[in-house]
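Trainee: Pasted the sequence and its predicted model underneath.
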Number of protein chains: 2
Amino acid sequence: MSRAVDRAYERIRSGILKGEFAPASRLKEEELVRLCGVSRTPVREALGRLAAEDYVIVARNQGAQVKTWSDADMADLFDLRALLEGHAAARAAAVIDPEEVRRLRENVDAMEAVLASFASDEEKTDTFLRLNGEFHEAIWKAAGSERLESLLGRLVEQALVVRTAHQYTMDRIVQSQRHHRDLVTALGNGDALWAEAVMRGHIRAALVFVRQHGGRPAPAGGRTSSHDPASPREHSPLDEKCIQSDP
Amino acid sequence: MSRAVDRAYERIRSGILKGEFAPASRLKEEELVRLCGVSRTPVREALGRLAAEDYVIVARNQGAQVKTWSDADMADLFDLRALLEGHAAARAAAVIDPEEVRRLRENVDAMEAVLASFASDEEKTDTFLRLNGEFHEAIWKAAGSERLESLLGRLVEQALVVRTAHQYTMDRIVQSQRHHRDLVTALGNGDALWAEAVMRGHIRAALVFVRQHGGRPAPAGGRTSSHDPASPREHSPLDEKCIQSDP
DNA sequence: TACCGAGAGATTGCATACAATGCGCTCCCG
DNA sequence: CGGGAGCGCATTGTATGCAATCTCTCGGTA
């Protein structure tokens, strides 16, 4: 950790992800300096990185603003995810080795076990989402393209900006789990077409779900014109829970 | 243009694209300061942006290095381009309006006219590549997804790092031109499947060509270990020719 | 001769000071 | 009373200085 820059980056990013900074709210450098305990130089660098990753928008001489997401943006996002994750699944099916398939199957079994356990729903969801994230990442990695992997990492993270991770119903999770089972089978058989099809459906289903349960806490208003009526909420020094991808 | 940062960014980026900075060569901040005529702060910011766009790699306390591309990287790159440009073409076919199709056809006609003209081969290639870039970008835009558009913009730019734009044979260009004709027809008919198929083939053909004509001037050696034996070439204050995407 | 370590120079990382720009307010004029 | 120009404050953009870190060289030892 190059101390200052990374501290600032992580702090701001987590603030956006947790909703501490409302969408479309302006991020003033001095504010972030106080918040992160570093000087403006690393804060600015962190903002630059966040802008490159589409978390914020910076306008010349007007600083940074948390990016808002329209319904169309969301649709585009999941469209691309379906395409790229499907592609990754197909590539993975062609080259994955049995050992890795075994690990994936274990992962799915673990998810199954969690669902069947007696933990609270929130606890179940938590663990499930963590395992789910690992499952998807393993498939990206198996596809054997660094570029694809990093691209998907970014896309999935962006999908997380629009909602917290705990809006899942058990029905939705069970549906996901069926997809996961199918995926492992397809991968085990080296069936690229099947794997791609299942993965695409898996992501499309996620989009439908997100839409139905309206994960967007923010108005889909204009980009740069709004005069920041929504001031950032107070910083709650709570948990830094690891958020994972949609199931 | 926020003067300093953009000047530095453009200068360094063009230097990389033109091969003024050899792949894997180290970019020292003081050097760039002298070159760009701005102080280290904007230079560092520019390097950050270039790193986010995969032009350079920055290692902690070790500065920036021009990124090198392995054959596998190139294959991945064109794989993704085929997938995403194909997707863009399919989306475009579904929603494009006749007016836009007409403009595309005019563009293709213009390319045809250039090829049939009496200009020198180099001149022909130049104009053709410019028109070709406009053609592709128009299709991305017609697809109606900002995210897809910017993603493709980046991917195509990265493909340009590995070679200069003038290694094209007339054979290759004529083949491209046939693809372009087919594309316009497919788009005009609203035939998404056809458009996607043609576009995929179009990009795959580009990969095969780039491979055959070995566009990579750099060794595909390791990333961080090399001790930068290749010092940056002297700056030739030559043309700033607009480089366009592969045909 | 090969290897290891210490020190000096070179280079990056961070903080702060200063300059430039934009925004909102007030005050004056119609 | 409404509108516009000018001014002052808030915020961002750039430059520079100092501290931290790395690399490269030189000397010593097995």
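Mentor: Happy to help now that I have it.
Trainee: Return the angle between stretch directions for the top helix by length along chain A and helix B:71-95.
Mentor: Assignment by DSSP state H gives helix A:71-95 as the longest helix of chain A. Using axes from the mean of the first three to the mean of the last three Cα atoms, to 10 degrees, the direction of helix A:71-95 lies 130 degrees away from that of helix B:71-95.
Trainee: does any bit of helix A:71-95 sit next to chain B?
Mentor: Yes. Applying Cβ under 8 Å from any Cβ of the partner chain, one finds helix A:71-95 touching chain B at A:73, A:76, A:77, A:79, A:80, A:83, A:84, A:87. C-betas here are computed from N, CA, C, even on glycine.
Trainee: mind checking which helix or strand the closest residue to residue A:119 other than its chain neighbours is in?
Mentor: Leaving aside its chain neighbours, residue A:119 sits nearest to residue A:127 (7.5 Å; criterion: Cβ to Cβ, 6 or more residues apart in numbering or on different chains). In the assignment (DSSP states H and E), residue A:127 maps to helix A:121-143.
Trainee: How about whatever helix or strand comes next after that helix and chain B, touching?
Mentor: Once the chain leaves helix A:121-143, the next helix or strand it forms, by DSSP H and E, is helix A:146-161. Yes. Legend: contact between helix A:146-161 and chain B by Cβ under 8 Å from any Cβ is shown at A:146, A:147, A:148, A:151.
Trainee: With residue B:153 as the reference, measure out to the second one.
Mentor: As for residue A:147, its distance to residue B:153 is 15 Å (criterion: Cβ to Cβ, to the nearest Å).
Trainee: by contact count, what packs against the worst-scoring helix or strand of chain A on mean pLDDT?
Mentor: Lowest by mean pLDDT, DSSP states H and E among the helices and strands of chain A is helix A:146-161, with a mean of 88. On a contact count with 3 or more Cβ pairs under 8 Å, 6 or more residues apart in numbering or on different chains; DSSP states H and E, helix A:146-161 meets helix A:3-17, helix A:71-95, helix A:121-143, helix B:71-95.
Trainee: quick one on the thing from earlier: mind listing what's buried along the longest helix of chain A?
Mentor: A:73-74, A:76-93 (16 or more other Cβ atoms under 10 Å in any protein chain shown).
Trainee: got the residues of chain A near DNA strand C?
Mentor: A:2-5, A:38-42, A:45, A:60-62, A:227 (Cβ under 7 Å from any atom of the strand).
Trainee: Who is the residue in chain A positioned nearest to DNA strand D paired with across the strands?
Mentor: Residue nearest to DNA strand D within chain A (Cβ to the nearest atom of the strand): residue A:63, separated by 2.6 Å. When bridges are called by DSSP bridges, residue A:63 pairs up with residue A:59.
Trainee: Within range of DNA strand D, give me the residues from chain A.
Mentor: A:26-30, A:40-41, A:44, A:58, A:60-64.
Trainee: circling back to that earlier point, could the helices and strands packed on helix A:146-161 go into a markdown table alongside mean pLDDT?
Mentor: Below are these laid out as a markdown table (pLDDT from 0 to 100):
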| stretch | mean pLDDT |
| --- | --- |
| helix A:3-17 | 94 |
| helix A:71-95 | 95 |
| helix A:121-143 | 91 |
| helix B:71-95 | 95 |
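Trainee: could those go into JSON lines alongside distance to residue A:208?
Mentor: Output for these, formatted as JSON lines (distance: least, Cβ to Cβ, whole Å):
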{"stretch": "helix A:3-17", "distance to residue A:208": "23"}
{"stretch": "helix A:71-95", "distance to residue A:208": "9"}
{"stretch": "helix A:121-143", "distance to residue A:208": "17"}
{"stretch": "helix B:71-95", "distance to residue A:208": "19"}
